[in-house]
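[1] Model the following, please.
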Amino acid sequence: MKVLDKYFTWVATALDMFGGWVVLPAISILVMIDVVLRYVFNSPFIWTLEFTEWCLLLVFLFALPECTRVDGHVRMDLVTNMMSERLRAVFSLAYFAVGFWIFYLLGRHEWEEFLFDFEFNRVTEFLELPIWVSSLAVLVTSALMGFLFLMRALECLLHLYSGEQTGRETEQ
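    Residues are numbered from 1 along each chain as shown. Modelled structure (predicted):
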């Protein structure tokens with residue numbers, strides 16, 4: 001299980017860093033160039049909006065596994081800190097179950113979208129990018145998130161039954 005966790009950590013961190021250090025600056029540079037072209041030369045790129053929409057989706061999808069892995073989401077510490085460790089573990093299991101279910105449903109839907117877009121060779125309007133690429137990105141992220149929620153639930157269950165604290169709880 002530690003090997004899988006180590007591999008997942010590497011993948012999640014690499015995606016997060018690529019989104020933050022490559023994709024986000026590329027969006028910023030492209031938008032700045034487009035603004036200069038629009039207001040100085042009156043000749044903007046016609047495809048900038050389409051490209052930035054795709055890239056913003058990628059930034060979100062690439063950051064999601066890492067944010068979830070490090071417990072970076074907003075939560076109500078005021079309420080959870082007053083709970084016993086067992087009750088906190090039960091709430092965590094409920095969170096993992098709901099998270100897994102949401103990403104399972106999203107992944108199942110995106111699989112159908114991926115097949116449809118790929119079969120009909122659908123492309124975007126200006127750049128003619130294949131639409132199935134965005135469906136594939138959502139599908140891969142859904143699979144990663146589902147895997148993460150399963151691993152975290154197993155870890156929580158093991159620690160709940162053994163009666164010891166998880167590493168995440170002792171760090172807080």
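
[2] low-scoring stretches of this protein, by residue?
    1, 164-172 (pLDDT under 70).

[3] in it, what residue sits furthest out from the centroid?
    In the chain, residue 41 marks the outermost C-alpha relative to the chain mean, sitting 37.9 Å out by CA atoms, centre = their mean.

[4] ok, it to residue 75 distance?
    From residue 41 over to residue 75 the distance is 48 Å, taken as CB to CB, to the nearest Å. To be clear about C-beta, it is placed using only N, CA and C from the backbone, and glycine gets the same treatment.

[5] give me the element the most centrally placed residue in the chain is part of.
    Nearest residue to the geometric centre of the chain (CA atoms, centre = their mean): residue 64, 2.6 Å. Using DSSP states H and E, residue 64 maps to helix 48-69.

[6] so how many other residues sit close to the spatially closest residue to residue 73 that is not a sequence neighbour?
    Distance criterion CB to CB, 6 or more residues apart in numbering; nearest residue to residue 73, sequence neighbours excluded, is residue 67 at 6.3 Å. Residues near residue 67, counting by other CB atoms under 10 Å, number 14.

[7] Would you state the helices of the protein in chain order?
    2-18, 24-39, 48-69, 77-80, 85-119, 132-162, 167-171 (DSSP state H).

[8] Quick one: residues in contact with the fourth one.
    Around helix 77-80, the neighbours that count as contacts under CB atoms under 8 Å, 6 or more residues apart in numbering are 88, 91.

[9] which other helices and strands contact the helix holding residue 64?
    Judged by 3 or more CB pairs under 8 Å, 6 or more residues apart in numbering; DSSP states H and E, helix 48-69 is in contact with helix 2-18, helix 24-39, helix 132-162.

[10] OK, contacts around the residue nearest to the centre of the chain?
    Residue 64 touches 141, 145, counting by CB under 8 Å, 6+ apart.

[11] Relative to residue 125, which of the helices of the chain is closest?
    helix 48-69 (6.7 Å; CB to CB).

[12] what angle separates that closest one from helix 85-119?
    Angle of helix 48-69 versus helix 85-119, following axes from the mean of the first three to the mean of the last three CA atoms, to 10 degrees, is 150 degrees.

[13] Dump the C-alpha coordinates for helix 48-69 into PDB.
    Provided in PDB are the C-alpha atoms of helix 48-69 (Å, rounded to 0.1, in the frame of the first residue of the first chain):
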ATOM      1  CA  THR A  48      -7.300  32.900 -26.900                       C
ATOM      2  CA  LEU A  49     -10.600  32.500 -25.000                       C
ATOM      3  CA  GLU A  50     -10.900  28.900 -26.200                       C
ATOM      4  CA  PHE A  51      -7.300  28.100 -25.200                       C
ATOM      5  CA  THR A  52      -7.600  29.700 -21.800                       C
ATOM      6  CA  GLU A  53     -10.800  27.900 -21.000                       C
ATOM      7  CA  TRP A  54      -9.100  24.600 -21.700                       C
ATOM      8  CA  CYS A  55      -6.000  25.500 -19.800                       C
ATOM      9  CA  LEU A  56      -8.000  26.700 -16.700                       C
ATOM     10  CA  LEU A  57      -9.800  23.300 -16.800                       C
ATOM     11  CA  LEU A  58      -6.500  21.600 -16.800                       C
ATOM     12  CA  VAL A  59      -5.100  23.700 -13.900                       C
ATOM     13  CA  PHE A  60      -8.200  22.800 -11.800                       C
ATOM     14  CA  LEU A  61      -8.000  19.100 -12.700                       C
ATOM     15  CA  PHE A  62      -4.200  18.900 -12.200                       C
ATOM     16  CA  ALA A  63      -4.400  20.600  -8.800                       C
ATOM     17  CA  LEU A  64      -7.400  18.500  -7.400                       C
ATOM     18  CA  PRO A  65      -5.600  15.300  -6.600                       C
ATOM     19  CA  GLU A  66      -2.700  17.000  -4.800                       C
ATOM     20  CA  CYS A  67      -5.100  19.300  -2.900                       C
ATOM     21  CA  THR A  68      -7.100  16.400  -1.700                       C
ATOM     22  CA  ARG A  69      -4.000  14.300  -0.900                       C
END
